[in-house]
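> give me a model of this one.
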Amino acid sequence: MTTRYQKPKGTRDFYPEEMQARKKVFETIREVTSKYGFSEVEAPAIEDFELIKAKSGEEIRQQMFMLEKKGNEQLALRAELTPSLARMFIEKQKELQKPVKWFALSRMWRYEAPQKGRLREFYQTSVELFGSDKANADAECISMAVDFLISLGLTDKDFFVKINNRKLLQGILDGAGIKDVEETLRIIDKAEKLTKEEFEQELKKIKLNEKQAKTIKKIITTNELKTIDEEELNEEAKQGLSELKEVMKLLKHYGKDKYVRFNLSVARGLSYYTGTVYECFNHDESLRAIFGGGRYDNMVEQFGGDKCAATGFAMGDVTLQLLLEQKGKWPIQEKTVDYYIAPVNENVRKEAIEIACKLRKNNIVEIDLMQRKLGKQLEYAASIGAKHIIIVGDEELKNDEAIIRDMQTGKEKRIKISELN
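As a prediction, this is how the structure comes out:
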């Protein structure tokens, strides 16, 4: 049926079964974060655009749902949670015991062309850890992100995490004398999607010399730490390599090393990352990144707080659902009703309601709301998957009884109303 009104482009409607499945996935995520000692927080759906711009620059405006400017305020719907959580942290920075371990799970909005794995409205889990500049904090976040997927039924055959360090990558680029770092990183980031000719053309656009082009080609093919010659690195790159090795060692302690692969081309494409960076993909990389994150030690100070180390990651629900469905792990949820209360006529409606209220203290209960004949009530109870039907009739009530039918076996028996619970 075609309705007069359609949902906005790039959004989704969630009907009861879909909502239950989503709730199950989100409960799993919340359970894992709580086991790691993270506390859930929430921030407004709207933020001052200046806050968002401070993190990502003016170009982010193209992806924002901007609200009509009122007075001196320019507000926008949030496109991610990290800026909001950083703002919240700064407001109480001096009184909070470090490390501060927060997560949020809520809706985001980005004005872009809807495509596979990307919508205009989506849910995002954002995990932020403020106050620790140690590799332990990075490894803890990566381990937790991997545990999200394991707890949802996925294995190392289904996904893997690419890991790198921005200092290592930045140091190599600086050592090669490459000036236009952001544009170079953009080319590195999309290298796998380009033909050899297209890639060469991109390198020519940023006017790299032969030695510099050779450096970029080496970066996109380096995926083993042992192939990096430390003697050739400058001090920044050496520091990044040391940090990366420490994180990798810790992930082995966590038992997560089989999920993690070094890849020198991982940059995350965002200027605020300062150290360890990582992205998670399904095994053949046919989907967008499942989660991604890293260390951002300058953001708190950039936003007006005291200098404070920070690390974290974000995971969107759209690609996650695609992967879980692909692997048969998206939960199939059916409506559950423990008892359906069927009054045989309106004379016993009062008692039927009282039984429903009593049972609802410990059970999921429905009662007839349509004043249907008993036969139709029984058909409806079967259609909603009710486990038991309690038939409330005049004769049975005289003895404080009702008839209970087990819908799986079809067997009926009389039961004292006082014994129902």
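> CA atoms only for the lowest-mean-pLDDT helix or strand in the chain, dumped as PDB, please.
For the chain, using mean pLDDT, DSSP states H and E, the weakest element among its helices and strands is helix 49-56, scoring a mean of 78. In PDB, the C-alpha atoms belonging to helix 49-56 read as follows (Å, rounded to 0.1, in the frame of the first residue of the first chain):
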ATOM      1  CA  PHE A  49      28.100  24.400  15.400                       C
ATOM      2  CA  GLU A  50      31.300  26.100  16.700                       C
ATOM      3  CA  LEU A  51      32.000  23.100  18.800                       C
ATOM      4  CA  ILE A  52      31.600  20.800  15.800                       C
ATOM      5  CA  LYS A  53      33.700  23.000  13.600                       C
ATOM      6  CA  ALA A  54      36.500  23.200  16.200                       C
ATOM      7  CA  LYS A  55      36.900  19.400  15.800                       C
ATOM      8  CA  SER A  56      36.400  18.900  12.100                       C
END
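> tell me the secondary structure at residue 246.
Following DSSP: H, G, I helix; E, B strand; the rest coil, we place residue 246 in the helix state.
> doesn't residue 133 make contact with it?
No - counting by CB atoms under 8 Å, residue 246 does not reach residue 133; the two are 11.8 Å apart. The way it works is simple: take the backbone N, C-alpha and C, and place the C-beta from them, glycine included.
> re the thing from before, what helices and strands are in contact with the least confident helix or strand of the chain?
With contacts taken as 3 or more CB pairs under 8 Å, 6 or more residues apart in numbering; DSSP states H and E, helix 49-56 sits against strand 75-77, helix 82-91, helix 299-302.
> quick one: buried residues of the second one?
Buried residues in helix 82-91, defined by neighbour count with 16 or more other CB atoms under 10 Å: 82, 83, 84, 85, 86, 87, 88, 89, 90.
> just the last one next, same as before
If you call a residue buried by 16+ other CB under 10 Å, then helix 299-302 has these buried ones: 299, 300.
> against which helices or strands is that helix packed?
helix 49-56, helix 82-91.
> one more time with 6 Å, if that's ok
Counting contacts by 3 or more CB pairs under 6 Å, 6 or more residues apart in numbering; DSSP states H and E, helix 299-302 packs against no other helix or strand.
> residue 170 - how many residues pack around it?
20 (other CB atoms under 10 Å).
> now do residue 221
12.
> show me the contacts for it.
The contact partners of residue 221, by CB atoms under 6 Å, 6 or more residues apart in numbering, come to none.
> can you tell me how far it is from residue 149?
27 Å (CB to CB, to the nearest Å).
> again, but for residue 120
Distance from residue 120 to residue 149, by CB to CB: 25 Å.
> more crowded one of those two?
More neighbours surround residue 149 than the other of residue 120 and residue 149, with 26 against 19 (other CB under 10 Å).
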